[in-house]
Each structure stands twice: as structure tokens, then as C-alpha cells.
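*Asks:* okay, sequence plus prediction incoming.
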Amino acid sequence: MTPSADLFSDIESQLAGLFAGERDLIANAANCSALLFERLPDVNWVGFYFLREGELVLGPFQGRPACIRIPLGRGVCGTVARDGSSLRVDDVHEFADHIVCDAASNAEVAVPLLKEGRLLGVLDVDSPTRARFGAEDQAGLERVAALFIASVDG
Ligand code: SME
């Protein structure tokens, strides 16, 4: 396995332990963002947005304070929420309509949280390094999102 695949399989095992016996959305999102922030190298923001009355609202996160509400279809997170598929962006400054939260962010991966076809929200990870994330990171974060979704009643 490549280093990134190894790292994600380790993270997935740790998450399974953290989620065991707990179904609370906020508690599991808080621990998930803390674990990803601690284990993923070269990231400056990891967190959740949850769908609330038709827009994304900031949930548990690690990093600098972020924008609180994102309309569907706006920015990277709003696009992911609208389309229901993940996005990996090498340079956020080239992404039309990108929403700047931390000026240090240059690369981003956002993954939709879909439970039985219903959108719960988005998991978002930012890095100060352009093209920081590869296909394995995107796939790893999709598996993390699936574990999170399975861990909550939503
Ligand atoms: N950059 C995101 C906004 C969220 S922050 O990065 C935490 C976007 O364009 O959706």
C-alpha cells in the first residue's frame, strides 16, 4: 500500500473505535474532525457543514473560524452539496465562486454526506499547499465520510 492508503486505513480503524457505541451527530463529527486534523499532514482546516433548512451551516471543525452559512451551489462545499459528488481542487483560487475562509488555504477536498440518498452535509478539508490532495486522499476521505454516515442516525 502507498503511504497515503496506509494512513487512511489507520485513520479508519481509529474512527471505528471512536464511533463505537455513540450515535450522536455532533459528538462523532467533533471527534472525526479532530482525528483528521491530527493525523493528516499539511492541512489547515478540517470540518463539517450540515444541511439546515436548505443551506449548509457550519458544524464541528478544527482550524481557523470559518464562514457559517453556505447556500447550495456556492463555493466548493455548496457545489458538492448540490451535485452529491466529491470534489478535489488543486488550486482553489482557480475555482469559480470559491469561498475564502482562511486565506492560507490553497487546495481543498469536499465530500458529500449522503445517508440513503439524503444529503446530511459536507466534510471539507483544506491545505495551504497547492495540489496537496491526490486521488487516494479523495477516496480515503470518501471512506471516512461513509464511516461517519454509518455512525449516526442523521
Ligand atoms: N472554501 C470553502 C468554504 C469552506 S472553508 O474552506 C472552511 C468553499 O468554497 O466552499
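*Replies:* Cool, got the structure.
*Asks:* quick check: residues of this structure near the ligand?
*Replies:* 45, 66-67, 70, 75-78, 98-99, 101, 105, 108, 124, 126 (CB under 6 Å from any ligand atom). Any C-beta I mention is one placed from the backbone N, CA and C, and that applies to glycine too.
*Asks:* just the buried ones from the residues you listed?
*Replies:* Neighbour-count burial (16 or more other CB atoms under 10 Å) applied to these gives 45, 66, 70, 75-78, 98, 101, 105, 108, 124, 126.
*Asks:* now, the residues of the chain next to the ligand that are in helices?
*Replies:* When the residues of the chain next to the ligand are checked against helices (DSSP state H), the matches are 75-78.
*Asks:* any chance of TSV for the residues you listed, columns pLDDT?
*Replies:* Formatted as TSV, these follow (pLDDT from 0 to 100):
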residue	pLDDT
G75	97
V76	98
C77	98
G78	98
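*Asks:* identify the farthest-apart pair in those residues.
*Replies:* Looking at these by CB to CB, the two members farthest from one another are V76 and G78, with 7.5 Å of separation.
*Asks:* residues shared between the contacts of the two?
*Replies:* By CB atoms under 8 Å, 6 or more residues apart in numbering, V76 and G78 have these common neighbours: I99.
*Asks:* E142 sits in which helix or strand?
*Replies:* Assigned by DSSP states H and E, E142 falls within helix 135-151.
*Asks:* sorry, wrong one. I was asking about G17.
*Replies:* Secondary structure assigned from DSSP H and E places G17 in helix 3-19.
*Asks:* give me the contact list for that helix.
*Replies:* Applying CB under 8 Å, 6+ apart, the external contacts of helix 3-19 come out as 1, 28, 31-32, 35-36, 39-40, 134, 136-137, 139-140, 143-144, 147-148, 151.
*Asks:* list the buried ones in the helix or strand just after it?
*Replies:* Of the helices and strands lying after helix 3-19 in sequence (DSSP H and E), the nearest is helix 25-39. By neighbour count, with 16+ other CB under 10 Å as the criterion, the buried positions of helix 25-39 are 25, 28-37.
*Asks:* next one: stretch 5-23
*Replies:* In stretch 5-23, residues buried by neighbour count (16+ other CB under 10 Å) are 7-8, 11, 15, 18-19.
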